[in-house]
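**Student:** Predicted model, plus sequence, below.
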Amino acid sequence: MAGTIDYGNLMHRAMRGLIQEVLISIAKDGLPGDHHFFITFDTMHADVEIADWLSDRYPGEMTVVIQHWFDNLNVTDEGFTITLNFGDSPETLYIPYDAIQTFVDPSVEFGLRFEAPEATPETDAVDEAPMDVMAEDEPTEKRQDADVVSLDQFRK
C-alpha cells in the first residue's frame, strides 16, 4: 500500500468520468439549450486518432468545438469518437480522455483543466504554443471566459 493518497490522480479520474457522463448524455439526447464545448487535447498522445493533415497542422494541441453540427458521437470508457466538419470536410476523430487538456462549456461558465505532470529529464515534454481550430459551423461570436478548475493548488 502506498504511503500517501494520490488526490491529484483521483481528481483527474473523477473529472474524466464527469466528461464521459456529459458526452454519453449528449450522444443520447443532443446538446440542450445553449450548451457547447471547447475541448483541447494533445494531438501527439499515442492513442489520439485524427487525419494526417490535422496532426500536421496541429502538431502539439488542438481545440475542437462541439456545437451546431457533429455526428457519430460514440463514447467509451477510454475516450470518444466524433465526426466534425472542417471546411466542408467531415473528419472522424478519436480522443482518449487522457489526451484532454481542457474541457469548457462557456454557456454556463464551466471548465476543467488537466495539468500535465512536471517535466523531468526522462520525459520528452515539448512546450508548444496552443493552437485552436473550430468546426465550420461555429458562429463568429466572441468566446466567453469560463472559470477553470486547476488541480495545482492541491498538489505538493
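**Tutor:** Everything's here; your move. Predicted model, so just to flag it, every value in this text is computed and none were measured. Residues are numbered from 1 along each chain as shown.

**Student:** biggest helix in this structure by residues?
**Tutor:** helix 7-29 (DSSP state H).

**Student:** Tell me the helix or strand right after it.
**Tutor:** Where DSSP states H and E defines the elements, the next helix or strand beyond helix 7-29 is strand 37-42.

**Student:** and the helix or strand that that following strand is followed by, how far out from the chain's middle?
**Tutor:** Downstream of strand 37-42, the next assigned helix or strand under DSSP H and E is helix 52-57. Offset of helix 52-57 from its chain centre (C-alpha atoms, centre = their mean, to the nearest Å): 17 Å.

**Student:** helices or strands next to whichever helix or strand comes after helix 52-57 in the packing?
**Tutor:** Next helix or strand after helix 52-57 toward the C-terminus (DSSP H and E): strand 61-66. Packing partners of strand 61-66 (3 or more C-beta pairs under 8 Å, 6 or more residues apart in numbering; DSSP states H and E): strand 37-42, strand 79-85. (Glycine included, C-beta is placed from N, CA and C.)

**Student:** Tabulate those (JSON lines), appending mean neighbour count.
**Tutor:** Output for the helices and strands packed on strand 61-66, formatted as JSON lines (neighbours: other C-beta atoms under 10 Å):
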{"stretch": "strand 37-42", "mean neighbour count": "22"}
{"stretch": "strand 79-85", "mean neighbour count": "20"}
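
**Student:** Make CSV from these and add distance to residue 99 and mean pLDDT to it.
**Tutor:** Output for the helices and strands packed on strand 61-66, formatted as CSV (distance: least, C-beta to C-beta, whole Å; pLDDT from 0 to 100):
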stretch, distance to residue 99, mean pLDDT
strand 37-42, 4, 96
strand 79-85, 7, 95
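
**Student:** Great, nothing more from me.
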